[in-house]
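# Generate a structure from the sequence data that follows.
(one chain, ligands or ions: 1)
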Amino acid sequence: MVETANKERVVLAYSGGLDTSVMVKWLQVEKNLDVVAICCNVGQESQDLNWVKQKALDMGAIAAESVDMRNEYAEQVLTKAVAANGLYEGTYPLLSALSRPMISAYMVEAAHQYGATYIAHGCTGKGNDQVRFETSIHAIDPSLNVIAPVREWDLLTREQEMEWAAAHDVPVPTTAAKPYSIDDNLFGRAIECGVLENAWNEPPADIWTMTVSPEEAPDTPTEVVIGFEAGVPVSLDGKKMSMLDLIVKLNKIAGANAYGRIDMIEDRVIGIKSRECYECPASLALINAHKALESMCLDHDTLHYKASVDQKWATLIYDGLWFSPLKNSLDAFIASTQQYVTGEVRAKFYKGTFVVTGRKSDYSLYQEGLATYGDGDLFDRSKSAGWISLHSLPTQTWSKQQGPKHVQSLSEHEVKQFQIGNTATPVPQVPTEKAKVHVVCA
Ligand code: ARG
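The predicted structure follows:
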């Protein structure tokens, strides 16, 4: 352990931006704490992290670290997200939610190492990230105290913050303030605020940096082959590579083909809906390729059951519960399903799309002999009629007992659909003879 001074210490999750730079000073001035600034590299695009570290030291931090977590993030976190097909509300690949637990764990480790009693983060009081940091920190070491300066300080506008910074020798950015709030890492980039807050506004072209627009993308498709072993992506176009290298490469290929943009309304943990834009080239491609292989390698029941587990997993991660008993148990279930998810998926990127064009696996449960309508059919169709009569026994019994009250003719049903779907065209009043098939109404 590093020797503790008289003052209490705080470990700050530091990004180098205006907010956390002001915090380096604010924690010293307002809280009388010694500050240790930690800058975590999880693959964000635009920072010289050594410069960021020096900046913290120049502002009086007693120590500063810049930590390269990219490999660990890819291997220990993102592999799990792919195995779980982790998409919050079926759409968002969880990039911010995935990085916070790992950063929090490192903060706790650093707090122990530096003898700090506090951990500080730069999140606002309105978002999800505060929930993820604090829930993770409390799960690992409940004795540590958390300070969230943005929730406490009165620096409400950027101008006030800049004034405070100038008065306390904090370097003030000379460039115009970015009109968006951005968070990014290997798994993609989140863009919120500014004009995006009006949900009807089309996202301006300048928000995107990892992806080109479909109009700018090449006119010919780019084909890739992604290899998986036990659910983990391990190769690209037949070349073995680390998860980190694979993600970095795939981000480039997919981004150059305009793939991975998302524009959604999302339900935050704290109860509000927010409009979010994301670009997730590699993460979406990996999850979709993985799903394609699972559909070949997992049996019907496991595949269907796992879809609900995946959804719960994504919600837990979104809600900041990476370190929780249920998440651990779901991980164990997911891991056991992945044993035979080994094989290759071929797909084409083309102007914003990613289309799977082939898949193969030594463990495939798709058997051409059973599926074929051609020569070599192994399926015994003589068994079908008997099986169907038992499968439909409950509905046959129901229909005999109660059917007339609950069943309507398809022709009536068609008329209803027609009325809902197309009010401009006259609705046929008399059902035609053709449709006397019976359908069951819910
Ligand atoms: N809404 C996303 C999430 O909660 C993205 C958060 C991005 N954070 C940010 N500071 N812009 O996971």
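# Would you mind listing what in the protein touches the ligand?
By CB under 6 Å from any ligand atom, the residues of the chain that approach the ligand are Ser96, Ala97, Asn128, Asp129, Ser181, Ile182, Asp183, Ala190, Glu192, Glu266, Glu276. Yep, even glycine has a C-beta here, placed from its N, CA and C like the rest.
# cutoff 5 Å now
Residues of the chain lying near the ligand by CB under 5 Å from any ligand atom: Ser96, Ala97, Asn128, Ser181, Asp183, Ala190, Glu276.
# Identify the residues contacting the first one.
Put plainly, it is Ser96. By CB atoms under 8 Å, 6 or more residues apart in numbering, Ser96 lies in contact with Asn128, Asp129, Arg132, Asp183, Asn185, Ala190.
# how near is it to Glu197?
From Ser96 over to Glu197 the distance is 18 Å, taken as CB to CB, to the nearest Å.
# follow-up on the earlier one: point out the least confident one among the residues of the chain next to the ligand.
Within those, Ser181 has the lowest pLDDT, namely 91.
# Tell me how far it lies from Gly115.
For Ser181, the distance to Gly115 - CB to CB - is 33 Å.
# which one of these two has more residues nearby?
Taking other CB atoms under 10 Å, Ser181 and Gly115 do not tie; Gly115 has more neighbours (16 against 13).
# Okay, now the unreliable bits of the chain?
Of all residues in the chain, those with pLDDT under 70 make up the ranges 1-5, 47, 404-442.
# let's see 90
Applying pLDDT under 90 to the chain flags residues 1-6, 16-18, 45-52, 154-159, 162, 171-179, 398-442.
# Please list the members of the contacts of Ser96 that lie in strands.
Among the contacts of Ser96, the members falling in strands (DSSP state E) are Asp183, Asn185, Ala190.
# Could you say which of those residues is surrounded by the most neighbours?
Highest neighbour count within the ones in strands among the contacts of Ser96: Asn185, with 27 neighbours (other CB under 10 Å).
# Wait, that one touches Ala97, no?
No: in this structure, Asn185 is not within contact of Ala97 by CB atoms under 8 Å, at 10.8 Å.
# So which residues of the stretch 151-300 of the chain form strands?
Secondary structure of the stretch 151-300 of the chain (DSSP state E, counting those that start in this stretch): strands located at 181-185, 188-192, 222-229, 232-236, 239-240, 261-267, 273-279.
# I'd like to know which of those is closest to Ala289.
Judged by CB to CB, the one of the strands of the stretch 151-300 of the chain that comes nearest to Ala289 is strand 222-229, at 4.6 Å.
# Give me the angle between the closest one and strand 232-236.
140 degrees (axes from the mean of the first three to the mean of the last three CA atoms, to 10 degrees).
# And for the residue in the stretch 251-400 of the chain positioned nearest to the ligand, the neighbour number?
Nearest to the ligand in the stretch 251-400 of the chain, going by CB to the nearest ligand atom, is Glu276, at a distance of 4.9 Å. Glu276: 19 surrounding residues under other CB under 10 Å.
# now the end-to-end length of stretch 311-325.
16 Å (CA to CA, to the nearest Å).
# cool, stretch 215-228 as well?
32 Å.
# Can you give me the buried ones in that stretch?
For stretch 215-228, burial by neighbour count (16 or more other CB atoms under 10 Å) applies to Ala217, Pro221, Thr222, Val224, Val225, Ile226, Gly227, Phe228.
# what do you get for stretch 76-90?
Buried residues in stretch 76-90 (16+ other CB under 10 Å): Val77, Leu78, Thr79, Lys80, Ala81, Val82, Ala83, Ala84, Asn85, Gly86, Leu87, Tyr88.
# Show me the two of those residues that sit farthest apart.
The widest separation within the buried residues of stretch 76-90 (CB to CB) is 18.0 Å, between Thr79 and Tyr88.
# need the contact list for Val29.
Taking CB under 8 Å, 6+ apart as the test, what Val29 contacts is His168.
# same deal with Ala81?
By CB under 8 Å, 6+ apart, Ala81 lies in contact with Pro93, Leu94, Leu98, Phe187, Ser283, Ile287, Ile317.
# hang on, it in a strand?
No: counting by DSSP: H, G, I helix; E, B strand; the rest coil, Ala81 is not found in a strand; it is helix.
# Dump the helix or strand Glu109 falls within to PDB, keeping only the CA atoms.
In this structure, Glu109 sits in helix 95-114 according to DSSP states H and E. Extracted as PDB, the C-alpha positions of helix 95-114 are listed here (Å, rounded to 0.1, in the frame of the first residue of the first chain):
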ATOM      1  CA  LEU A  95     -21.500  -0.200 -24.600                       C
ATOM      2  CA  SER A  96     -21.600   2.200 -21.700                       C
ATOM      3  CA  ALA A  97     -23.200  -0.200 -19.300                       C
ATOM      4  CA  LEU A  98     -20.500  -2.800 -20.000                       C
ATOM      5  CA  SER A  99     -17.500  -0.600 -19.300                       C
ATOM      6  CA  ARG A 100     -18.600   0.900 -16.000                       C
ATOM      7  CA  PRO A 101     -18.400  -2.300 -13.800                       C
ATOM      8  CA  MET A 102     -14.800  -2.900 -15.000                       C
ATOM      9  CA  ILE A 103     -13.800   0.700 -14.400                       C
ATOM     10  CA  SER A 104     -15.500   0.600 -11.000                       C
ATOM     11  CA  ALA A 105     -13.600  -2.600 -10.000                       C
ATOM     12  CA  TYR A 106     -10.300  -0.900 -10.900                       C
ATOM     13  CA  MET A 107     -11.300   2.200  -8.800                       C
ATOM     14  CA  VAL A 108     -11.900   0.000  -5.800                       C
ATOM     15  CA  GLU A 109      -8.600  -1.700  -6.300                       C
ATOM     16  CA  ALA A 110      -6.900   1.700  -6.600                       C
ATOM     17  CA  ALA A 111      -8.700   3.000  -3.500                       C
ATOM     18  CA  HIS A 112      -7.300   0.000  -1.500                       C
ATOM     19  CA  GLN A 113      -3.800   0.500  -3.000                       C
ATOM     20  CA  TYR A 114      -3.700   4.200  -2.300                       C
END
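# next structured bit after it?
According to DSSP H and E, the helix or strand after helix 95-114 is strand 118-120.
# What strands line up against that next one, and which way round?
Applying DSSP bridges to the sheet, strand 118-120 is found paired with strand 9-13 (parallel), strand 145-147 (parallel).
# Now render those strands as CSV, adding distance to Ala37 and mean neighbour count.
Shown next, in CSV, are the strands paired with strand 118-120 (distance: least, CB to CB, whole Å; neighbours: other CB atoms under 10 Å):
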stretch, distance to Ala37, mean neighbour count
strand 9-13, 5, 26
strand 145-147, 14, 16
